[in-house]
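A.B. asks: Quick one, structure for this:
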Amino acid sequence: MKARDVIHCFGHPNVRALHPTTFEVTTEPLLSPAGDCIIGVRADKGAAALDPGLKALLADDRAVVTTHLSVRGIETIVRSRGSAGITLDHPTDLVWRRSAFVCGRTVAVGSDTVARTLDRRLVELLARGAELVIEIEAVIPE
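C.D. replies: Residues are numbered from 1 along each chain as shown. Purely as a prediction, here's the structure:
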């Protein structure tokens, strides 16, 4: 089984991408300097609006999750996994986590990339307001 979805959002002058355990995007338009995990604002959907097929797979411990982050030709691939505790019911936020913690904002756990480890060229473009395209794909291996 496989499912995917795409999210479009934008950087902001306060994108710093310094958080050591997560990265996040939000539908909210503003970002304070304290939001060091947030890499995108004005997302076209939050966790609750993700494709239902994708949501079902993300809420499975067997799911292998691949997230492509793309900004003006600079790409980062994030490898994570799903979790049976994932609910994806938050209306505005989506969070990728290194840990196994889950809440309504959690998209994936066990992520090999967090805000602090993102390509600094990508972060620099986001700090200038560039568009970020996020493609999430979940697969249940056979």
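
A.B. asks: The one helix or strand residue 80 maps to: what's the following helix or strand?
C.D. replies: Assigned by DSSP states H and E, residue 80 falls within strand 74-81. Per DSSP H and E, the first helix or strand lying C-terminal to strand 74-81 is strand 93-97.

A.B. asks: That following strand - contacts with which helices or strands?
C.D. replies: With contacts defined as 3 or more CB pairs under 8 Å, 6 or more residues apart in numbering; DSSP states H and E, the packing partners of strand 93-97 are strand 22-26, strand 74-81, strand 106-108. Using the backbone N, CA and C atoms, a C-beta is placed for each residue, glycine as well.

A.B. asks: Most tightly packed of those strands?
C.D. replies: strand 106-108 (a mean of 28; mean count of other CB atoms under 10 Å).

A.B. asks: quick one: contacts of it?
C.D. replies: Contacting residues not belonging to strand 106-108 are listed as 47, 50, 58, 65, 67, 78, 80-83, 85-86, 88, 94-97, 136 [CB atoms under 8 Å, 6 or more residues apart in numbering].

A.B. asks: Of these, keep whichever come out buried.
C.D. replies: 47, 50, 58, 65, 67, 78, 80-83, 86, 88, 94-97, 136 (16 or more other CB atoms under 10 Å).

A.B. asks: Identify the spatial nearest neighbour of residue 23, chain neighbours not counted.
C.D. replies: Of all residues not flanking residue 23 in the chain, residue 115 sits nearest, at 4.2 Å (CB to CB, 6 or more residues apart in numbering).

A.B. asks: For the one you found, give me its contacts.
C.D. replies: 16, 17, 18, 19, 20, 22, 23, 24, 36, 37, 38, 39.

A.B. asks: And for residue 19?
C.D. replies: Applying CB under 8 Å, 6+ apart, the residues near residue 19 are 36, 37, 114, 115, 116.

A.B. asks: wait, doesn't the last one sit right on residue 22?
C.D. replies: Right, residue 116. No: in terms of CB atoms under 8 Å, residue 116 does not count as a neighbour of residue 22; the distance is 9.5 Å.
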